[in-house]
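Chemist: Make a model of this:
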Amino acid sequence: MGDAHASVRVSVLVTSYQHERYIARALDSVLEQDDGVRYEVLVGDDASDDRSRAIIAEYAKAHPEHIRAFFPENNLGLAGKAMLNELLQRARGEYVAKLDGDDHWTSGAKLRRQVAYLDAHPGCSMCFHNVLWRHEDGSRPDVPYNGADQASEVGMQDLLSANPVASCSAVFRREAIHPLPAWYFEQPWCDWQLNLIASQQGSIHYLPELMAVHLTHPAGMWSRLSWLEALEGITRYQEGLRGVVPPELEGRRREALAETWAKRAVEHARLADRARARGCLRESFRLRPPEMRRLRRGGGEGQRLRLWLRLNVAEPLRACARPLADRFSG
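Modeler: Next up is the predicted model:
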């Protein structure tokens with residue numbers, strides 16, 4: 001038994017909460033992986049009150065050679081981070097793959113492909129691939145999660161402002177993310193921060209193959225948020241990285257945070273909450289004061305100027321200043 005455990009290459013961590021409609025499909029997609037790599041499946045259900053646990057228990061009984069279930073008595077909380085930590089501590093593989101119970105893989109070669117890539121690139125701490133982004137209600141057509149312009153390598157500086165990694169696509173070196181640092185548990189979500197932790201230990205590489213489906217539905221942790229709530233979470237994420245990122249990236253962290261505050265200002269203005277919009281814009285300017293060199297580059301700096309004029313300058317004076325703002329709005 002000990003030798004068999006030692007030979008596990010990949011620990012697949014499947015997290016479930018109220019996923020009775022999806023969890024069987026997710027587990028089937030793992031069990032359909034080809035024989036190119038030995039894997040184990042750790043499934044944790046965070047105290048669902050639907051049939052998720054019963055379905056998982058059936059799969060664990062039918063596939064004891066692969067599946068181990070973890071059923072805590074109560075919800076572990078922390079937006080899924082505590083459950084992920086529990087599964088990570090139980091993992092025996094050299095590599096760790098993540099799969100939310102409402103997503104699923106579409107290629108039987110996924111694990112083999114990513115393990116082979118990590119084996120061949122020892123300086124790479126994780127790799128991820130493209131997936132199809134699907135809306136359960138059919139309101140939008142399936143689209144690739146990553147566009148054709150997705151860079152082949154993602155660095156920590158990139159992860160300060162955006163997260164191009166669909167959670168169902170990542171395979172990590174276990175040693176790159178375990179044990180999880182204390183600051184991780186104070187963050188608003190599970191996945192974005194996990195990728196940043198991996199970026200501290202090595203490079204992150206992108207594989208363009210489509211090998212999974214990421215499902216958006218009303219009960220999803222991210223999709224149920226309004227745009228303003230999502231921006232508030234991104235703000236907490238970026239603020240929580242103070243002292244985490246190396247000194248040479250602190251300026252980039254502040255810039256990214258300033259950009260998020262500006263987006264919050266735009267959204268508050270759209271919702272006709274001018275007082276909060278002004279407050280958010282003030283915070284954006286505090287973090288990144290306007291500079292002429294940035295204005296010359298256009299883009300976001302000109303947009304911040306236009307919003308400031310809209311919120312703080314009377315219409316007759318705003319009309320005089322608008323040509324300057326338009327010039328730099330990009």
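
Chemist: In space, what's closest to residue 33 - neighbours in sequence excluded?
Modeler: residue 111 (5.0 Å; Cβ to Cβ, 6 or more residues apart in numbering). All C-beta spots, glycine's among them, are computed from the backbone N, C-alpha and C.

Chemist: At which residues are the helices of the stretch 101-250 of the chain located?
Modeler: 110-120, 156-159, 174-177, 191-199, 227-240, 250-270 (DSSP state H, counting those that start in this stretch).

Chemist: Looking at those, which is nearest to residue 209?
Modeler: helix 110-120 (7.1 Å; Cβ to Cβ).

Chemist: For the closest one, list every residue counted as buried.
Modeler: By neighbour count with 16 or more other Cβ atoms under 10 Å, helix 110-120 contains the buried residues 110-115, 118.

Chemist: so which helix or strand takes in residue 47?
Modeler: Applying DSSP states H and E as the criterion places residue 47 outside every helix and strand.

Chemist: got it, and residue 44?
Modeler: Short version, using DSSP H and E: residue 44 is in strand 39-45.

Chemist: immediately after that strand, which helix or strand?
Modeler: Following strand 39-45 in sequence, per DSSP H and E, is helix 52-62.

Chemist: Touching that following helix from outside, list them.
Modeler: 16-20, 23-24, 27, 43, 45, 67-69, 71, 101 (Cβ atoms under 8 Å, 6 or more residues apart in numbering).

Chemist: Which ones among those lie within strands?
Modeler: Among the contacts of helix 52-62, DSSP state E puts 16, 43, 45, 67-69 in strands.

Chemist: Nearest to residue 228 among these?
Modeler: residue 16 (28.4 Å).

Chemist: Go ahead and confirm the closest one touches residue 23.
Modeler: Yes: between residue 16 and residue 23 there is a contact under Cβ atoms under 8 Å: 5.3 Å.

Chemist: Might you list the low-confidence residue ranges for the chain?
Modeler: For the chain, the stretches flagged by pLDDT under 70 are 1-6, 219-223, 292-300, 314-330.

Chemist: residues in contact with the spatially closest residue to residue 239 that is not a sequence neighbour?
Modeler: Counting by Cβ to Cβ, 6+ apart, residue 257 is the residue found nearest to residue 239 once chain neighbours are left out, at 6.5 Å. Residue 257 sits next to 235, 238-239, 287 when contact means Cβ under 8 Å, 6+ apart.
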